[in-house]
Structure formats: C-alpha cells, structure tokens
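**Q** the sequence and its predicted three-dimensional model are supplied below.
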Number of protein chains: 2
Amino acid sequence: MTRINVEKCARILREKDNILILTHAHPDGDTIGCGYGLCRALLKMGKKARVICADDIPKKYGYLFDDIEIPEFEEEFIVAVDVATEKLLGSLEEKYAGKIDLCIDHHPSNTGYAEQLLLNADAAAAAETVFKVIKALRVKIDRHIAECLFTGITTDTGCFKFASTTSNTYRAAAELIDLGADNGRINRIMFEQKPKSLAALERLAIEGMEFFCDEKICVITITQDMYKKSGSSEEETEAIPSLTRQIEGVEIGLTIKEKADGKSKCSIRTYDSVDASKLANAFGGGGHKQASACQFDCDYAEAKKLLLEKCEEVLSSGEVAKEDVWE
Amino acid sequence: MTRINVEKCARILREKDNILILTHAHPDGDTIGCGYGLCRALLKMGKKARVICADDIPKKYGYLFDDIEIPEFEEEFIVAVDVATEKLLGSLEEKYAGKIDLCIDHHPSNTGYAEQLLLNADAAAAAETVFKVIKALRVKIDRHIAECLFTGITTDTGCFKFASTTSNTYRAAAELIDLGADNGRINRIMFEQKPKSLAALERLAIEGMEFFCDEKICVITITQDMYKKSGSSEEETEAIPSLTRQIEGVEIGLTIKEKADGKSKCSIRTYDSVDASKLANAFGGGGHKQASACQFDCDYAEAKKLLLEKCEEVLSSGEVAKEDVWE
C-alpha cells in the first residue's frame, strides 16, 4: 500500500480508463455522493466508469444518478470511495478483496487494503477529498457533480452539525453552492422529508427508549415487529440513532436493530469523551469517533446485554474515557 | 428613515457612545447573537454598551454573555438588531417606539421604523450583516464575538439546513470558525441537547398531530395541560414547529400554543410555494417565507379554526400559491 496525495491521485486517474467505483454496503450519502461525483467527472473526461454497491441505494438518493447513462465495459481499474475496510463492501467483498487499485477515504481506521490510498482523516466527509481530486483532474464541475459532493458532505456531517465539521467543510459547501448545488432542496430531502411510516417507527422507538448507568446510556431497540406495526423497514432507519443523542445527559446512544434473520446490529452514537469507533471495534465493527456500528450473530436481547456491559465498563472507570485509555 | 450600507453603519457607530441595543421579544439565537456580538465589539472599542430584551433569555444562550461586565450608563444611542417591527419589541415597545436610531436587520418585512436602516434581505441571518459591520469597525474579532455571530447564523438557518442559507452564509461560518467559534459545541447546544421535559412534550405533540386538507396541513396543538404533564414550559417549545415539517407531503405546519392567559399564538412553517410570512400577516404577525408567527386574542381552538380556514383557502385555490397572488 502506498499513501498518495490529491495530485498523484488525479495523475493516476487521468492515465486509467474503464474504471469501476465501489461504494460501501448499507450505502449512505457520502459513499454514493463520492461514487457518482467521481463517476460523472470521469465520464466528462471521455472515460468509461460506473458505480456499484452491494445493497440497494435508497430512493431518496435518486437525483444523484437518475440521469446518467452507464456505458458497457470490462473493468480495468478499481476504485473504492469512503470504504474503510474491504469487509464494508458487503457481498462485493468476495469478488473484489485484494483487487482494489485505489481508495479515497477519510476514516482514520482505513486498513490500507488498496494499492494506493488517498486518506484525509481531517475531512468530515470523503466527498471533501473527492472534490479536491475532481478539481485536480481539471474537470469543469457542473451542477450534478456539485450536488453529488454536497450530498456527501451534508449527510456525513449531519447537516454541518457534527463537531467533525471544519471551516474547510463550510468552505467546500460554499464553493459547491456557487457551482450550482441546490443546498435547500438537498438538505430538505436528506433531513426533513420523512415518510409517515418512519414517523410511526420513530414514535415507537421513542416510546420504548430505555436508560441505563445513571441515564448516561440511552438504548433504542428496533424489532421486526416494530417494522410491521409502523409499515417502515430497515432501509428507513438511518435517522433513528440520532434520537438517542438528543436527550440531555446521554453520553452513549445505542440503537439495536433486530435483523430479518434474527441476528442483530447496533448503531452507536457518543458525545465528548467516549469514542464510538473504539466501542464498535470491541465487537468487530468500526466508524467514527461519534458515530459507529457493529454486527452481532446473536439476537438483539443478547447484543444489548453485551453492549451494556462494555459501555458500563467504560463509563464506570471514572476518568478513563476522558484520558483516552482506549489507545 | 434612511437606508444605509455597512460602511455608513460602521461610521455612525464609531461616532456614538453609551449605546443601548434592543433585541426582539421571545428572543432567538439571531437577535441575541447579534446583540451580544455587537455589544462585545463596542465594549472592545472602549465604548459603553448593553443589550436588553423584553423577555428572559433562555438559559442555553448563557455562553454568549455570561462573562460580560455590563457598564452603567445613560443611553444616548439606540440600536435594534433583528427586529422587523417595533411591535416585536414586546413590552419594550412602549418605551422605545419612535426613538430607535439605527436598525440592523434581514427581514424583508422591516417596517423602516428606525431613523437609519441597514437591511440585507438576502442574508439568512441578521448576524451575517452584523459580522460585516464589526469587520468594518475594524475590531479584532475574538472567540466570544465569533461565537455570538456563529450562534445567530446557525440558529436562523436551522443549522444551515433552510433554503435561505447561501454560499455567503457558509463562507461566514467558515470565517467565524477560523476566528475561534466552536461550531461543534454550539450546534450541539442549539440543536441536539434536549431536556427530558422537552422530549416528553414532543412525544405528546407527535401523538396529538392532526392532518387536514388532504394531509397537506399538519397541526400540533400545545396546551397548558401538556406543559404540566411533561414538566416542560413555553420557553422550551422553539423546536416543536419543525416537527410539522418533517412529515412527507405536508405543505403547511401550524403549531398552536395555548398561552397562560388563555389566549393563543401560532408558529407557521411552510414549504416551497406557500409564503409563511404572508399567512402570518393575515393575522397581524410576520416572519420569513418558510417560518413565521402570529398571535390571537381568542383561545387555541378558535385560533385553529381561523388558521385552517385561511390555509385551506390558500391551498384550495389551486395554482394560486405558485403564482404568488398574495402580493
């Protein structure tokens, strides 16, 4: 693995053609925005490129790619965007593990699986770095590309709310708006429009909230039964974890979801001192300092028990978290 | 009334001393952020200045002014910030109406009540314009001033979410972060921390949501009884109106609150074609295109009836709203 900079990354892409772009499974706005932003730029350069994802892309992201005509080609160069580990490729892992030529990412936990790695761990979103790469490619950035990148930035920062948002993030957003991104519309689609089924699921989630450890831990459990009752589905649960962060005094928010096969997964949200990424690591997962996720082979009740034990351990060790002894 | 520009506004302020700054009643982050941002800048210039408000300032804004020592003085020059009409001064109206020397604002509906008016209706927040004035005053902007202005901008844009947010808004935010504003902390205080009492009130509000006019109108009613049940109070209801905007298909969101004296008030939120400010105007209120408010002398049930009649009239007139026949 070689670490490269933006200029080198652009030089490599300029030389290549028939480019396949991989996004992570359970796709979010950043991986999709990076994928289609880069794909559109490469198409504009006369190259062949396409984006693939292990899972269905939620409908709300349709405006990022609905108008693209995808050319037929046999892939010659493989790029992963916003993918910290090959495991996060989901069902694409088997086919592409060990074959990824280039990775553009912002996760400090990136395992260096690609031959060349452009990693900017200071960026709030991978889209900030893809924006720099596209500028270095000297592609004229149109409204569509700008909207892909703006979507990546705004979704990965919770609409510019998270502490990871830097002045450079705001500056990139300003540039993208000047390049044509309709920030009002995108932010409305990403953060304000909510199907009734999701509103119903949120109501059930809020009603079932549990508090532990002197109310420093807030747990939401989403069962298959709750999807049935609300008419909602797992695809819609992206916003649920943030509900745990909204209660005063909560330091760790756990959203535990029952999967269709009876196994479970958990989204972790934290504040200040507790590192969500390291908590998820303890269960083989990963993510960011304030937002992470992990999977369990056991059912949700057992997963909750395991998670609570670990969280209580962290919180009860007094000053531990503040001194960052996770390292 | 004379319309002035930023340079002229700075020239006027440079010449004056013993400056009283008025904010609007039911204060929000923009009026308070503008008030204390400007006050701090004037104090740094060696002038005497203070900020007053008709109502108590919610505790969460404490970091904007807790450290300031307010000098004693008799006011010689009166400035209003983010105040569209003298009526919005609340109980200060009686004393100061007709006596306001300077107004810095961003509401297109500003009535021109002040002798000199610096109005930038394109700004998403009045704090964007106060930022320009402070730069023109050539005051060295410290972290405290930056945090006042950042708070004004982020609160008036719903954390950079509303369509009113421009590339200049994002650019101002970037500058303020570089000047020391702790955006992560401020956004957390403003948008994520929620007392349990408010969470309980929100739950009651969501449970009682009503839909009208083919579900294009969503109504939340907050009664005095709901404050009692939840342990919440009117001071905490700032975030409730946005709940109406979150449901897919809703074009008008009405949050009707019963006041302690049995009278009522309404916060209006709209999307796209419907102008919230004009809806509020019909009942003697005002505000912005997507967010406005008005007061009623009648009880909440009667207010709801009046509001629904007006809203249904607007929506049922077919293409009316889109062609903006409110004018």
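**A** Looks like it arrived, so ask away.
**Q** who's in contact with stretch A:226-243?
**A** A:28, A:56, A:58, A:158, A:194-198, A:200-206, A:209, A:220, A:222, A:253, A:255, A:257, A:259-260, A:267-269, A:291, B:192 (Cβ atoms under 8 Å, 6 or more residues apart in numbering or on different chains). All C-beta atoms are positioned from the backbone trio N, CA, C, and that covers glycine.
**Q** interface residues of the stretch 151-300 of chain A facing chain B?
**A** When proximity is defined as Cβ under 8 Å from any Cβ of the partner chain, the stretch 151-300 of chain A approaches chain B at A:159-168, A:170-171, A:173-175, A:177-178, A:183-185, A:187-188, A:191-196, A:199, A:203, A:206-207, A:242, A:245-248, A:271.
**Q** which element is the spatially closest residue to A:A173 that is not a sequence neighbour on?
**A** Nearest residue to A:A173, sequence neighbours excluded (Cβ to Cβ, 6 or more residues apart in numbering or on different chains): B:Y170, at 4.5 Å. For B:Y170, the host element (DSSP states H and E) is helix B:167-178.
**Q** keeping just the C-alphas, turn the helix or strand containing A:D30 into CSV.
**A** Here A:D30, judged by DSSP H and E, is contained in helix A:29-44. Listed next in CSV are the C-alpha coordinates belonging to helix A:29-44 (Å, rounded to 0.1, in the frame of the first residue of the first chain):
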residue,chain,number,x,y,z
GLY,A,29,-24.9,9.9,1.2
ASP,A,30,-21.1,10.2,1.4
THR,A,31,-20.2,6.9,-0.3
ILE,A,32,-22.9,7.4,-3.0
GLY,A,33,-22.1,11.1,-3.5
CYS,A,34,-18.4,10.3,-3.8
GLY,A,35,-19.1,7.4,-6.2
TYR,A,36,-21.4,9.3,-8.6
GLY,A,37,-19.4,12.6,-8.2
LEU,A,38,-16.3,10.9,-9.3
CYS,A,39,-18.1,8.7,-12.0
ARG,A,40,-19.6,11.8,-13.5
ALA,A,41,-16.2,13.6,-13.6
LEU,A,42,-14.6,10.6,-15.3
LEU,A,43,-17.5,10.3,-17.9
LYS,A,44,-17.0,14.0,-18.6
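**Q** mind giving me the packing neighbours of it?
**A** strand A:19-22, strand A:49-52, strand A:77-81, helix A:126-136, helix A:143-156 (3 or more Cβ pairs under 8 Å, 6 or more residues apart in numbering or on different chains; DSSP states H and E).
**Q** of these, which stretch is the most buried?
**A** helix A:143-156 (a mean of 27; mean count of other Cβ atoms under 10 Å in any protein chain shown).
**Q** got the angle between it and helix A:167-178?
**A** Angle, helix A:143-156 to helix A:167-178, by axes from the mean of the first three to the mean of the last three Cα atoms, to 10 degrees: 150 degrees.
**Q** A:C9 - nearest residue in space that isn't next to it in sequence?
**A** Of all residues beyond its chain neighbours, the one nearest A:C9 is A:L118 (4.5 Å), with distances taken as Cβ to Cβ, 6+ apart.
**Q** quick one: secondary structure of the one you found?
**A** strand (DSSP: H, G, I helix; E, B strand; the rest coil).
**Q** just after the helix holding B:Y170, pick out the following helix or strand.
**A** Later in the chain than helix B:167-178, the nearest helix or strand by DSSP H and E is helix B:183-187.
**Q** ok, and does that next one reach over to chain A?
**A** Yes - using Cβ under 8 Å from any Cβ, we find that helix B:183-187 touches chain A at B:183-185, B:187.
**Q** skip ahead from that helix and say which helix or strand is next.
**A** Trace forward from helix B:183-187 with DSSP H and E and the next one is helix B:196-207.
**Q** show residues contacting that next one.
**A** A:199, A:203, A:206-207, A:246-248, B:194, B:220, B:222, B:226-227, B:229-233, B:236-237, B:239-240, B:243, B:255.
**Q** kindly recompute the last result at 6 Å.
**A** With contact meaning Cβ atoms under 6 Å, 6 or more residues apart in numbering or on different chains, helix B:196-207 is reached by A:203, A:206, A:247, B:220, B:226, B:230-232, B:236, B:240.
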